[in-house]
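Chemist: next one to model:
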Amino acid sequence: MDTQVVNEIICRPVHPTKSIPSLTDDVTAGLFASVKQLPAKYFYDDRGSALFDRICDEPEYYPTRTEDALLESSARDIIASVAPARIIEFGSGMSRKIRHLFKACSELECYPTYVPFDVCDDVMIKSGEALTEKFAWLDVAPLSGDYTAGLGNLPVSGGQNLLMFLGGTIGNFTEEQGIAFLSEMRELMSSTDQLLLGADRLKDPDVLHAAYNDGAGITAAFNLNLLEVLNRELNANFDRANFEHYAFYNPAENQIEMHLVCMRDQEVHFDALQRSLTFKEGDAIRTEISRKFTRETLEAMLIRAGFEIRSHYESSAYPFSLALAAPS
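Modeler: Next up is the predicted model:
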């Protein structure tokens, strides 16, 4: 990946340290199997990313606004506690929520470097420019790469680092995957660094159901867009009209599951794979999980990954957690 410079904001590549399956690999392993599933990362082409932004504004989708309000109320305490020299945000996206921390930094005269870490250079540069216009003291130093591809090449300098993993994204990992990823983070950190982790909490199943089945149908369009990604990238011939969005809360696993359900028998061709796949009515592709935590299960996960809890900030109306943790 080439280094990109716009208005002196430079995206530096982070090279992977482990092999990550390609779309072809994931489709071969995930769709040509008795239990069909695909990783949620394939949602986020240009259209999928735009749809997700719209989901975040839907009245039923509480996680974004709940975490944003929680960050606003706890930002000053977090910055006072950590006094970071650098803030490294994994999966930074448009860097919207970070503004609360920078406001607190300004008030407390703490001036860290901001290090967003994501796959899209253009988005990080655009959001970085907007941040430096608002906070004249801010130095933005983006890292470009896939944080699931290994963190061994992630540059972590001296001084106190605050690592951030927000949005409840930890819930998209299985339990063991989540512990493994947090353990990888832990290996990067010195004894003075801290991690701020955002995680969604268990709540009324009706609230959870509504959040993933919004009345405007934006989440359904987001889910179904995955078929367009497969059509485009693998020359497949999925017909969206033959599938329905289905999301439900699985109480046995404490997680929301999103599926694409086949509504009629059909055969799908993948020209790029030179293979075909028969779908029967009722067959489903699981496209995402979103685990929901109690305070106890969230803290237990962090402890298993080698952390100790320093502070735990909680919202009440829609339970959500920000856990501040340090290497144990």
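
Chemist: quick check: Asn153 is in a strand.
Modeler: No - with DSSP: H, G, I helix; E, B strand; the rest coil as the criterion, Asn153 is located in coil rather than a strand.

Chemist: domains in this structure, as residue ranges please.
Modeler: The chain breaks down into these domains under automatic domain parsing: 4-12+60-204+293-327, 25-58+205-291.

Chemist: would you tell me which of these gets closest to Ser19?
Modeler: Proximity to Ser19 (Cβ to Cβ) singles out domain 4-12+60-204+293-327 among the domains of the chain, at 8.3 Å. Glycine gets a C-beta too; all of them are placed from N, C-alpha and C.

Chemist: residue boundaries of the helices in the stretch 101-250 of the chain?
Modeler: Listed in chain order, the helices of the stretch 101-250 of the chain (DSSP state H, counting those that start in this stretch) span 121-134, 175-188, 205-211, 218-234.

Chemist: out of those, which comes closest to Glu58?
Modeler: Per Cβ to Cβ, nearest to Glu58 of those: helix 218-234, 5.9 Å.

Chemist: now the closest one, how far from the centre of its chain.
Modeler: Its chain's C-alpha centre and that of helix 218-234 lie 18 Å apart, by Cα atoms, centre = their mean, to the nearest Å.

Chemist: buried set for that helix?
Modeler: Buried positions in helix 218-234, judged by neighbour count with 16 or more other Cβ atoms under 10 Å: 218-227, 229-231, 233-234.

Chemist: quick one: average pLDDT of it?
Modeler: What helix 218-234 shows for mean pLDDT is 98.

Chemist: what packs against it?
Modeler: When contacts are defined as 3 or more Cβ pairs under 8 Å, 6 or more residues apart in numbering; DSSP states H and E, helix 218-234 sits against helix 23-30, helix 46-56, strand 243-250, strand 255-262, strand 284-291.

Chemist: least reliable of these by average pLDDT, please.
Modeler: helix 46-56 (a mean of 90).

Chemist: residues contacting Ser315?
Modeler: Thr66, Ala69, Leu70 (Cβ atoms under 8 Å, 6 or more residues apart in numbering).

Chemist: out of those residues, which are inside helices?
Modeler: Taking DSSP state H, the ones among the contacts of Ser315 that sit in helices are Thr66, Ala69, Leu70.

Chemist: the second one: neighbour count?
Modeler: Pointing back at Ala69 there. 16 (other Cβ atoms under 10 Å).

Chemist: excluding chain neighbours, give the residue nearest to it in space.
Modeler: Closest residue to Ala69 apart from its sequence neighbours, by Cβ to Cβ, 6 or more residues apart in numbering: Ser315 at 6.8 Å.

Chemist: who's that neighbour bridged to?
Modeler: In this entry, Ser315 is beta-bridged to Phe320, by DSSP bridges.

Chemist: Asp200 versus that one, what's the distance?
Modeler: In this view, Ser315 and Asp200 are 10 Å apart by Cβ to Cβ, to the nearest Å.

Chemist: before we move on, the earlier item: if we compare the helices and strands packed on helix 218-234, which one ends up closest to Asp193?
Modeler: Asp193 lies closest to strand 284-291 among those, at 25.2 Å (Cβ to Cβ).

Chemist: same question for the helix or strand that that closest one is followed by, mean pLDDT?
Modeler: Under the assignment DSSP states H and E, the closest C-terminal helix or strand after strand 284-291 is helix 295-304. In this model, helix 295-304 carries a mean pLDDT of 98.
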